[in-house]
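In: what shape does this take:
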Amino acid sequence: MNQFIILTKHFFIRMFQNDVVDFEDKMKERIIAVVTLLFVFSSLLAYFFVNDYGWMPDTGRSWVEKCCMIIFCMLIMGFIAVLEWDFMLLDARDYANLNILPIRTSTIFTAKFASLCLFVGLFALSIHSLSTLIFVTYLPHWQSSNAFFMIAFALAHIISMFLACFFAFFFFILLISMLMAVLGYRLFKRVSTYIRSFFLVVHILFFFVYIRITLYGFDKFEPLLKLKENHYDLHNLPLFFPPLWFTDLYETLIGNPHLPFHGTLYYALIGLVSMVVIFYLTTNLGYRRYLIKMDSTRRKRTHLKRMRKFFPHIFHMAFLRNPVQRAVFHFYRNSVYASTFHKMRLASFVAFGIGMIPFQIAMKKLIPGDLTGVNRTMLSLSFILMVFYLIGLRGVINMPISLDANWIFKLTEHKKIHHYFTGLKKGIFFINLLPLFIIFFIFYSFLWGWIIAIYHCLYVLALSVLVMEVFFISYNKIPFACSYLPGKEKMQFLWVVYLFLYLAFINLMSWIELEILKTPSYIIIFYAISCLIILGIRFFQLFFFYKNKGIKYEEVLDPVMVGLDYEMPLYKKIN
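Out: Below is the predicted model:
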């Protein structure tokens with residue numbers, strides 16, 4: 001029992017010390033802040049859903065508000081599960097540290113499962129503690145004024161909501177287990193970050209859709225209107241929509257088994273039991289695989305070494321002739337792919353940009369065919385992704401992977417420091433921007449044909465280089481190797497300005513491109529103006545900024561105390 005308690009506490013604390021959200025510093029304070037935020041927001045949301053029932057009787061339609069609350073808690077727990085992706089199952093570090101100790105395997109598995117339940121329970125308690133009281137205050141008295149019924153209603157609310165949270169969280173454990181079984185451990189570790197980023201994008205997109213539906217209602221949600229117009233049948237939706245399963249469980253527990261989709265509660269119960277069973281099976285299987293790997297030697301992989309050396313040599317001769325640029329380029333390339341924290345942080349910016357796309361479409365009054373036609377709305381989609389991608393890159397490279405890495409740059413610093421930042425910009429262009437616009441070209445080629453897609457991608461590629469130059473006009477650090485002070489951007493004060501500039505940029509650039517597509521020869525003028533602006537920025541950096549600032553390896557904190565000169569009064573200095 002002592003081993004079980006110690007391991008459960010260890011696994012629970014480790015859930016807050018992952019590669020994406022590290023709470024190791026002031027962990028208790030940060031956990032309390034997050035839990036409090038969820039507590040307040042979920043309470044306000046619950047009041048928003050049920051406050052009308054203070055004077056309007058519940059005629060059996062309150063299941064809609066209950067379902068909306070269940071969707072919210074499942075989205076929150078799904079998002080948390082994506083953040084905890086790497087720590088939901090036992091990994092190699094757990095096996096390496098615990099296998100040599102006199103601990104039963106069943107104790108390790110049970111402690112891991114208990115820590116996951118405590119983790120989910122903590123967030124579920126923060127979401128539903130006050131919201132339960134709000135639901136009990138407004139809803140049960142329309143069905144019965146008996147005090148015991150109100151207690152039963154509260155228990156039904158807590159049970160349904162907590163089980164929904166557990167279902168959403170353990171669904172990703174099931175998903176990870178299936179992917180590891182299908183792909184294998186090594187391949188899964190390689191593609192894990194990309195799959196994780198995809199689900200991060202999906203969750204943020206769902207959050208935006210959920211907010212829009214909550215504010216404007218289902219009737220004003222465009223996809224549902226189009227489904228009605230095209231006569232799509234949605235009678236099978238409850239079979240594939242888990243929030244409705246737990247809504248049915250909720251209503252059944254309070255004595256209302258009259259929903260159109262009654263009976264789907266069994267899918268929820270079967271799903272929960274299946275997930276627990278699969279958790280133990282996959283954890284046991286992963287443990288056995290790890291023991292086999294410890295006894296086996298790693299095979300040496302053979303590659304076409306000549307081909308691997310030939311293409312980088314050609315690339316270096318063409319684009320990276322300067323050794324300083326070459327060093328920074330490869331340091332950036334290796335760093336941006338090495339850190340899970342940096343990749344997930346960048347993915348969050350991309351996810352936010354993708355989440356903005358439905359709002360961009362919803363803001364325009366589109367007629368049938370506009371979603372496949374050449375118009376400002378469709379042109380602006382690539383601008384949105386490009387802007388948020390560059391904003392994410394600008395923020396990510398500021399955060400160091402290891403501060404000890406900058407000593408080699410200090411010892412070997414070259415006089416012409418502009419080569420450091422030229423190598424960085426080339427890295428961003430070839431590693432990040434160029435693949436992104438290849439994807440854009442493929443997407444728009446299917447929509448508009450390859451000729452218009454080429455013009456569009458050439459325009460956006462030039463625009464992205466211009467935006468990159470503007471974002472890095474005052475950047476004088478080695479990427480991933482210099483200290484970082486959070487909060488210097490002062491987003492809390494300048495977010496209105498940034499939002500205005502973002503909207504102005506999207507609308508202006510889409511209008512300019514639409515004019516260029518009408519007269520393709522205008523693209524030469526656009527390229528000429530862009531080159532002049534880029535040359536002006538490079539001239540300012542080369543002859544003014546880099547000379548005066550140099551490379552900043554360490555951020556300097558603002559002085560805590562400001563000294564005042566009391567020795568000589570001002571009037572004496574003037575005399």
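
In: in the stretch 101-250 of the chain, which spans are helices?
Out: 105-138, 147-183, 185-216, 222-229, 237-240, 242-253 (DSSP state H, counting those that start in this stretch).

In: err, the stretch 251-400 of the chain, not the other one
Out: With DSSP H, counting those that start in this stretch as the criterion, the stretch 251-400 of the chain has helices spanning 265-295, 305-319, 323-338, 340-362, 376-396.

In: and those helices as JSON lines, adding mean neighbour count, distance to Arg212 and mean pLDDT?
Out: Where you see a C-beta, it was placed from the backbone N, CA and C, and this is true even at glycine. Output for the helices of the stretch 251-400 of the chain, formatted as JSON lines (neighbours: other CB atoms under 10 Å; distance: least, CB to CB, whole Å; pLDDT from 0 to 100):
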{"stretch": "helix 265-295", "mean neighbour count": "15", "distance to Arg212": "26", "mean pLDDT": "72"}
{"stretch": "helix 305-319", "mean neighbour count": "11", "distance to Arg212": "44", "mean pLDDT": "74"}
{"stretch": "helix 323-338", "mean neighbour count": "18", "distance to Arg212": "33", "mean pLDDT": "87"}
{"stretch": "helix 340-362", "mean neighbour count": "19", "distance to Arg212": "7", "mean pLDDT": "74"}
{"stretch": "helix 376-396", "mean neighbour count": "21", "distance to Arg212": "17", "mean pLDDT": "86"}
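
In: could the ones you listed be laid out in TSV, adding distance to Phe11?
Out: Output for those, formatted as TSV (distance: least, CB to CB, whole Å):
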stretch	distance to Phe11
helix 265-295	12
helix 305-319	41
helix 323-338	26
helix 340-362	19
helix 376-396	29
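
In: which one, of those, ends up nearest to Thr412?
Out: Across the helices of the stretch 251-400 of the chain, Thr412 has its closest neighbour in helix 323-338 (8.6 Å, CB to CB).

In: centre-most residue in this protein?
Out: Centroid-nearest residue in the chain, with CA atoms, centre = their mean: Ser348, separated by 2.8 Å.

In: returning to that earlier point: figure out which of the helices of the stretch 101-250 of the chain is closest to Lys518.
Out: helix 222-229 (28.3 Å).

In: mean confidence (pLDDT) on the closest one, please.
Out: In this model, helix 222-229 has an average pLDDT of 46.

In: most tightly packed of the helices of the stretch 101-250 of the chain?
Out: Highest mean neighbour count among the helices of the stretch 101-250 of the chain (mean count of other CB atoms under 10 Å): helix 242-253, with a mean of 23.

In: just want the angle from it to helix 147-183.
Out: 150 degrees (axes from the mean of the first three to the mean of the last three CA atoms, to 10 degrees).

In: any idea how far Phe388 is from the residue nearest to the centre of the chain?
Out: The gap separating Ser348 from Phe388 is 10 Å, by CB to CB, to the nearest Å.

In: equivalent analysis for Arg345, please.
Out: According to CB to CB, Arg345 and Phe388 sit 12 Å apart.

In: ok, now Tyr250?
Out: As for Tyr250, its distance to Phe388 is 38 Å (criterion: CB to CB).

In: quick one on the thing from earlier: go through the helices of the stretch 251-400 of the chain and name the closest to Arg538.
Out: helix 323-338 (14.1 Å).

In: rewinding a little: so what sits against both of Ser348 and Phe388?
Out: In terms of CB atoms under 8 Å, 6 or more residues apart in numbering, Ser348 and Phe388 are not both contacted by any residue.

In: tell me who's in contact with the residue lying closest to His141 once chain neighbours are set aside.
Out: With CB to CB, 6 or more residues apart in numbering as the criterion, His141 has its nearest non-adjacent residue at 7.6 Å, and that residue is Met150. Shown in contact with Met150 (CB under 8 Å, 6+ apart): Val136, Pro140, His141, Ser144.

In: could I get those residues as CSV with distance to Ala111 and pLDDT?
Out: As requested, the contacts of Met150 are arranged in CSV below (distance: CB to CB, whole Å; pLDDT from 0 to 100):
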residue, distance to Ala111, pLDDT
Val136, 35, 87
Pro140, 39, 83
His141, 44, 80
Ser144, 43, 78
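
In: any low-confidence regions in the stretch 151-300 of the chain?
Out: Low-confidence segments of the stretch 151-300 of the chain, defined by pLDDT under 70: 181, 184-185, 216-238, 283-300.

In: and Glu469, how far from Gly536?
Out: Glu469 is 9 Å from Gly536, by CB to CB.

In: of the two, who's got more company?
Out: Comparing Glu469 with Gly536 by other CB atoms under 10 Å, the one with more neighbours is Glu469, at 18 against 11.

In: in which helix or strand would I find that one?
Out: helix 450-471 (DSSP states H and E).

In: what average pLDDT does the following helix or strand past that helix get?
Out: Using DSSP H and E, the next helix or strand after helix 450-471 towards the C-terminus is helix 491-518. Confidence over helix 491-518 (mean pLDDT, whole number) is 81.

In: same thing with stretch 88-95?
Out: In this model, stretch 88-95 carries a mean pLDDT of 72.

In: hmm, back to that, how about the contacts of Met150 in TSV, adding distance to Val465?
Out: Listed next are these as TSV, based on distance: CB to CB, whole Å:
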residue	distance to Val465
Val136	58
Pro140	62
His141	64
Ser144	67
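
In: and these, which of them are in strands?
Out: Using DSSP state E, no member of the contacts of Met150 falls in strands.
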